[in-house]
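Asks: 3D, please:
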Amino acid sequence: MLVEKTLFGTVDKVQISIDRLREFEPEEGYYVAFSGGKDSVVILDLCKRAGVKYDAHYNLTTVDPPELVKFIRESYPEVAWIRPKMSMWQLIIHKGMPPNRIVRYCCQVLKEGGGEGRVSVTGVRWAESANRKKSRGVAEILGKSKAKKILLNDNDEDRRMFENCQLKGKRILNPIVDWTDKDVWDYIKKFNVKYCSLYDEGFKRLGCIMCPLQGTKGMIRDAKRWPKYYKAYLRAFDRMLAAKNARGDFIPRKWHNARAVMKYWIYNPGKVNPGQGVLFDEIQNQ
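Replies: Below you'll find the model as predicted:
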């Protein structure tokens, strides 16, 4: 519920999120990381209601659902687009393996760039996963590596630390980190916020087509829903194998052709690929 009555009084989650945005607002304004998903549209609307200065940016991954890309273009024309130096297909060939839950090079290259030296605002929420409950805070200070992260919450000491931080990494604010899925949808309905039609088709979360983080069932659903992208992945795997052959790189026995790579990728999305030691060392050095 967006408004809850507790033993300590009434809790208005919308107002709390607006207060967070106002309290941490930097002079140059926020860098809003916008994906077009339900959390992002809520964040953008909250920034407008809070009256804070901001500029929103969308990282084009080249494998986002066409419906999502069209929705962002038509409904949020003010959002700036960041185009990658390499497409997903080129990345697969370059890295010599498809991405998986362990080696997520696609996220690092295609989604996590931008906002350096700025205060970034995201729609990250604890309810999305148990890991995020442990690893994400209301505000975050990142060093040059993800290992150097300081999690902050709503108190004066943390606020001063966030504002005065001199690290060369990022400062991140997650205004709706403590919201539930129901809170997000209640807000969208209450304030008539535009959202992508894919949610009405039953999609719970929006992201890259055939992302291995969603598991085998989700990958198969995506392959059937967007067959052109499935075929594009097959072409990328075929070129990846040809490039590995040309370089004399190690190729697992199970990867005898593009369809074999696809089969392994779909049915083992949570595992490092065959020959994992060699491939993992390879990927880390590229």
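Asks: Does R101 touch Q214 like I think?
Replies: No: taking contacts as C-beta atoms under 8 Å, R101 lies outside contact range of Q214: 9.9 Å. All C-beta spots, glycine's among them, are computed from the backbone N, C-alpha and C.
Asks: Show me which of those two is the more surrounded one.
Replies: Remark: of R101 and Q214, Q214 carries more neighbours, 18 against 15, as counted by other C-beta atoms under 10 Å.
Asks: Quick one: distance of stretch 195-202 to the chain centre.
Replies: Centroid separation between stretch 195-202 and its chain, computed with C-alpha atoms, centre = their mean, to the nearest Å, is 18 Å.
Asks: my bad, should have said stretch 180-196
Replies: On C-alpha atoms, centre = their mean, the centre of stretch 180-196 falls 19 Å from that of its chain.
Asks: Contacts for the longest strand seen in the chain next, please.
Replies: Longest strand in the chain, counting residues (DSSP state E): strand 54-59. Residues from elsewhere that reach strand 54-59, judged by C-beta atoms under 8 Å, 6 or more residues apart in numbering: 29-36, 44, 47, 72, 76, 78-82, 84, 110-115, 121.
Asks: can you tell me which residue is nearest the centre of the protein?
Replies: Nearest to the geometric centre of the chain sits K111, at 6.2 Å (C-alpha atoms, centre = their mean).
Asks: Just the CA coordinates for the longest strand of the chain, please, in CSV.
Replies: Output of strand 54-59 as CSV, limited to C-alpha atoms (Å, rounded to 0.1, in the frame of the first residue of the first chain):
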residue,chain,number,x,y,z
TYR,A,54,17.0,16.0,-13.9
ASP,A,55,17.8,14.6,-17.3
ALA,A,56,16.8,11.1,-18.3
HIS,A,57,18.8,8.6,-20.3
TYR,A,58,18.0,5.3,-22.0
ASN,A,59,20.7,2.8,-22.8
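Asks: Contacts only, for V119.
Replies: F24, P26, Y30, Y31, R171, I172, L173.
Asks: what about the helices in the stretch 151-286 of the chain?
Replies: Under the criterion DSSP state H, counting those that start in this stretch, helices of the stretch 151-286 of the chain are mapped to 156-164, 181-190, 215-225, 227-247, 258-267, 276-284.
Asks: Tell me which helix or strand in the chain has the weakest average pLDDT.
Replies: helix 276-284 (a mean of 39; mean pLDDT, DSSP states H and E).
Asks: now W255, nearest residue through space, not along the chain?
Replies: Excluding the flanking residues, the one nearest W255 by C-beta to C-beta, 6 or more residues apart in numbering is V261, at 5.0 Å.
Asks: if I pick the one you found, what's in contact with it?
Replies: Contacts of V261 by C-beta under 8 Å, 6+ apart are P98, F237, M240, L241, W255.
Asks: Of those residues, which pair is most distant in space?
Replies: The distance between the two most remote of those (C-beta to C-beta) is 11.2 Å, for P98 and L241.
Asks: In terms of neighbours, single out the busier of the two.
Replies: A count of neighbours by other C-beta under 10 Å puts P98 above the other of P98 and L241, at 24 against 20.
Asks: Now for the more buried one: which residues touch it?
Replies: P98 touches I92, P212, Y233, F237, M240, V261, W265, N273, counting by C-beta under 8 Å, 6+ apart.
Asks: so the first one sits in a helix?
Replies: Yes: following the definition DSSP: H, G, I helix; E, B strand; the rest coil, I92 is counted among the residues of a helix.
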